[in-house]
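Colleague: Have a look at this prediction, sequence included:
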Amino acid sequence: MKVSQYMTRKLITARPDEGGRTAFFRMREARIRHLPVVDGDGRLVGWISDRDMRRPNWADPEVDLGHDYKLDDDTEVGDLMNRNPELVHTYDSLHKVVALLREQRYGALPVLDKTGTLVGVLSAVDLMAGRSPTSSIREQKSKKNQARAAARERA
């Protein structure tokens, strides 16, 4: 099985010059925890997670030193994002990518096609919904409800 069978193709992205707070609420509204960061041409330039936004690495440079940190739109996504994210490709085997997610403890990764174009995201949630690779859990529930309604009509 290939990554392309399980990945989410609907891309929700951020720009490096976008405010961190705005991107955080976009993630919250979409109920996702990771955003690919793209430039004006749609090329992947970074990756950001909700964890990066809640407490960036630079907030507490010393273990015994704490800094107040408030996420607002004065802090740009480009200041918080990972500029060299791990990448996977549509043609990668699912076995290989699952091992990478597990070993590195990633929640999701950006997916590129053969040309290096961002085409999707593969998350642990996508893998758990893997009983039917091309349909979402919501679609599966909808199909079950339709089948139940049809059965009731026949009865």
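Modeller: The structure has been received and is ready for your questions. Numbers count the residues shown, from 1 in each chain.
Colleague: residues contacting the closest residue to Leu122 other than its chain neighbours?
Modeller: Distance criterion Cβ to Cβ, 6 or more residues apart in numbering; nearest residue to Leu122, sequence neighbours excluded, is Met7 at 4.4 Å. Glycine gets a C-beta too; all of them are placed from N, C-alpha and C. Met7 makes contact with Thr90, Val111, Val119, Gly120, Val121, Leu122, Asp126, according to Cβ atoms under 8 Å, 6 or more residues apart in numbering.
Colleague: Pick the one among those residues closest to Leu71.
Modeller: Using Cβ to Cβ, Val121 comes nearest to Leu71 of the contacts of Met7, at 21.9 Å.
Colleague: for that closest one, what are its contacts?
Modeller: Met7, Thr8, Leu11, His34, Pro36, Ala108, Leu109, Pro110, Val111.
Colleague: Please tell me how far Ala108 sits from Arg154.
Modeller: Per Cβ to Cβ, to the nearest Å, Ala108 is found 42 Å from Arg154.
Colleague: Between these two, point out the one with more neighbours.
Modeller: Per other Cβ atoms under 10 Å, whichever of Ala108 and Arg154 has more neighbours is Ala108, with 23 against 6.
Colleague: Touching, that one and Leu100? I think so.
Modeller: No - judged on Cβ atoms under 8 Å, Ala108 makes no contact with Leu100 at a distance of 11.4 Å.
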